[in-house]
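Colleague: no sequence for this one, just the structure:
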């Protein structure tokens, strides 16, 4: 696609800082409106598309054709109730975020799918059910399945926006400046008029590997509008720990995003007068495992599990309901970090891992990413999918044994401490199994599994039939050590519904816009305290589109 590495002047109608999906959407919209656009990004061209390239490509849709074909009854009212029950908005600064939430749910129920479909985006027909909640009707969680996986995963979602940017480059109205690190906003009479920064020494690094930080020169880019789309803080462990709510930030973290996701320019905008809110609200996962083939430092992968594995804390205590796999990520994280340990365990068996385990990310789902139907068909065959089998064979966090007692010994050996009582582990699993054999039972997780299998997609490909964990024919037993995996910032720069950045008094800063994670996906925190899965990519699309259109109107 070409790049500009000469430094000096990069003037345009609109400058977009950040070449992730929200930046590409903003640039595409501004170009469509007839504006000239410059996109600057500190990373090399190999990382074009940012985190979206690595994503599973899940999008939150409401009352979609895919849902209706599966018999799922969804409405705007139900989805909005789920969102508000999950968000728990309770601060004065949440007013803007609440407006964004209402607008986004209506977008997800209306124009979103048709807009994407017109761009060529297609969806896997089996809608997934993530963040089920498990509380009362007004609590956290999706009441129905809403997680629509893009056919082609994250790279497939990027395709139309990359194509539009390439069209703009060919037409001479879009310029890409890789290895250009924005460091300062240019402000005149209170309005933002451009950006200054450093031209970095070119580096031929692979996607996801941070480029050079050696400075070769400087640049300026004047514009009628500047759109900030620089992402969150998940690759910056120092900021994650500084902003962690409460005293329980784990000593050991895995990174679910590249090191370049450092949050530094978000702080730059705040110093220039942009209002930064809700920085203590973050979305990190408790189900991280060490990547067998890491790309960036501390690279972790998230386990996407069905509801059947037994979740234990570090000393072998079973987590209380409804803290089951896939039900409430945030409360599970809070519960586990309060124990004082940096790890927990999923205990399952060969039958369950073959049916219920998947891995998050485009590279861990080659069938969906590559649109490979023959490879996809293998998911319904017995046994783990290829990427899961790779982790079972090579992953440092994956252990197998014939008995619970032997498994406990291996769990203790892995962490270097006698934290799990072997007989206690056996008794925990045996007690669970008695509930299964009873056919009824009082075990909340067992009953949740029964309920999950009422949904056709779960029954087909996500939830194993109930069976005793200790039954030899379903063995061997498997334990997976889990660590906290950093992922998303839920707070950020406060914006209005046109993605204009607001100052401390709530007034828009002239010429300055923000979209995606840097803006809390809209309004400085559209998710409140908790996210409904599939809303991160969608939030980038929605806020990026708003920013690009509004910036084009003034650029």
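Modeller: Alright, I've got the coordinates. Just so you know, these numbers come straight off a predicted model, no measurement behind them.

Colleague: what comes up buried for the helix or strand containing residue 81?
Modeller: Using DSSP states H and E, the element containing residue 81 is helix 76-87. Neighbour-count burial for helix 76-87, counted by 16 or more other CB atoms under 10 Å, picks out 78, 79, 80, 82, 83, 84, 85, 86, 87. In short, each C-beta sits where N, CA and C put it, glycine included.

Colleague: what does stretch 281-294 give?
Modeller: Buried-residue list, stretch 281-294, by 16+ other CB under 10 Å: 281, 282, 283, 284, 285, 286, 287, 288, 289, 290, 291, 292.

Colleague: go on, stretch 418-432?
Modeller: 419, 420, 422, 425, 426, 428, 429, 432.

Colleague: can you list the residues you listed in CSV and add distance to residue 25 and secondary structure?
Modeller: Compiled in CSV, the buried residues of stretch 418-432 are given as follows (distance: CB to CB, whole Å; DSSP: H, G, I helix; E, B strand; the rest coil):
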residue, distance to residue 25, secondary structure
419, 47, coil
420, 47, coil
422, 53, helix
425, 49, helix
426, 53, helix
428, 48, helix
429, 48, helix
432, 46, helix
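
Colleague: ok, those residues vs residue 111, which is closest?
Modeller: For the buried residues of stretch 418-432, the minimum distance to residue 111 (CB to CB) is 45.8 Å, reached by residue 432.

Colleague: pretty sure the closest one is touching residue 309, no?
Modeller: No. If you go by CB atoms under 8 Å, residue 432 and residue 309 don't touch, sitting 10.8 Å apart.

Colleague: what sits up against the strand or helix carrying residue 352?
Modeller: Per DSSP H and E, residue 352 falls inside helix 350-356. Under the criterion CB atoms under 8 Å, 6 or more residues apart in numbering, residues 305-309, 348, 382-384, 388, 392, 461-464, 467, 469, 474-476, 478 lie in contact with helix 350-356.

Colleague: just the buried residues from those residues, in ChimeraX please.
Modeller: Typed into ChimeraX, the line below selects the buried ones among these, using 16+ other CB under 10 Å:
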select :305,306,307,308,309,348,384,388,392,462,463,464,467,469,474,475,478
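
Colleague: which of the contacts of helix 350-356 fall in helices?
Modeller: 388, 392, 461 (DSSP state H).

Colleague: any idea which of those residues is closest to residue 74?
Modeller: Nearest member of the ones in helices among the contacts of helix 350-356 to residue 74, counting by CB to CB, is residue 461, at 20.3 Å.

Colleague: now do the same contact list for that closest one.
Modeller: 126, 355, 379, 380.

Colleague: which of these are buried?
Modeller: Buried, going by 16+ other CB under 10 Å: 126, 355, 379, out of the contacts of residue 461.

Colleague: can you redo the residues you listed as TSV with pLDDT?
Modeller: Output for these, formatted as TSV (pLDDT from 0 to 100):
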residue	pLDDT
126	96
355	96
379	87
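
Colleague: for these, give me a markdown table that also has distance to residue 170.
Modeller: Output for those, formatted as a markdown table (distance: CB to CB, whole Å):
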| residue | distance to residue 170 |
| --- | --- |
| 126 | 38 |
| 355 | 47 |
| 379 | 39 |
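
Colleague: wait, which of those residues is closest to residue 206?
Modeller: residue 379 (28.4 Å).

Colleague: my guess is that closest one meets residue 368, correct?
Modeller: No. With contact defined as CB under 8 Å, residue 379 does not count as touching residue 368 (9.4 Å).

Colleague: count the neighbours of residue 151 for me.
Modeller: Neighbour count for residue 151, taken as other CB atoms under 10 Å: 17.

Colleague: ok, it - contacts?
Modeller: Counting by CB under 8 Å, 6+ apart, residue 151 has contacts 121, 122, 123, 124, 368, 371.

Colleague: give the helix, strand or coil label for the closest residue to the fourth one other than its chain neighbours.
Modeller: Spelled out, it's residue 124. Residue nearest to residue 124 in three dimensions, not counting chain neighbours: residue 149, with 4.4 Å by CB to CB, 6 or more residues apart in numbering. Secondary structure assignment for residue 149 (DSSP: H, G, I helix; E, B strand; the rest coil): strand.

Colleague: quick check: beta-bridge partners of residue 149?
Modeller: Taking DSSP bridges as the rule, residue 149 bridges to residue 58.

Colleague: measure it to residue 302 for me?
Modeller: 15 Å (CB to CB, to the nearest Å).

Colleague: what's the answer for residue 407, then?
Modeller: Taking CB to CB, one finds residue 407 at 23 Å from residue 302.

Colleague: which is the next helix or strand following the helix holding residue 81?
Modeller: helix 94-109.

Colleague: just give me how far that next one sits from the chain centre.
Modeller: How far helix 94-109 lies from its chain's middle: 19 Å, per CA atoms, centre = their mean, to the nearest Å.

Colleague: next one: the helix or strand following that helix to chain centre, how far?
Modeller: Later in the chain than helix 94-109, the nearest helix or strand by DSSP H and E is helix 111-118. Offset of helix 111-118 from its chain centre (CA atoms, centre = their mean): 21 Å.

Colleague: what helices or strands is helix 111-118 leaning on?
Modeller: With contacts defined as 3 or more CB pairs under 8 Å, 6 or more residues apart in numbering; DSSP states H and E, helix 111-118 has these neighbours: helix 535-554.

Colleague: rewinding a little: could you provide the buried residues of stretch 281-294 in JSON lines, with additional columns for secondary structure, distance to residue 168 and pLDDT?
Modeller: Below are the buried residues of stretch 281-294 laid out as JSON lines (DSSP: H, G, I helix; E, B strand; the rest coil; distance: CB to CB, whole Å; pLDDT from 0 to 100):
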{"residue": "281", "secondary structure": "coil", "distance to residue 168": "35", "pLDDT": "97"}
{"residue": "282", "secondary structure": "strand", "distance to residue 168": "34", "pLDDT": "96"}
{"residue": "283", "secondary structure": "strand", "distance to residue 168": "33", "pLDDT": "96"}
{"residue": "284", "secondary structure": "strand", "distance to residue 168": "36", "pLDDT": "97"}
{"residue": "285", "secondary structure": "strand", "distance to residue 168": "36", "pLDDT": "97"}
{"residue": "286", "secondary structure": "strand", "distance to residue 168": "41", "pLDDT": "97"}
{"residue": "287", "secondary structure": "strand", "distance to residue 168": "39", "pLDDT": "98"}
{"residue": "288", "secondary structure": "strand", "distance to residue 168": "38", "pLDDT": "98"}
{"residue": "289", "secondary structure": "strand", "distance to residue 168": "40", "pLDDT": "98"}
{"residue": "290", "secondary structure": "strand", "distance to residue 168": "40", "pLDDT": "98"}
{"residue": "291", "secondary structure": "coil", "distance to residue 168": "35", "pLDDT": "98"}
{"residue": "292", "secondary structure": "coil", "distance to residue 168": "39", "pLDDT": "97"}
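
Colleague: many thanks, we can stop here.
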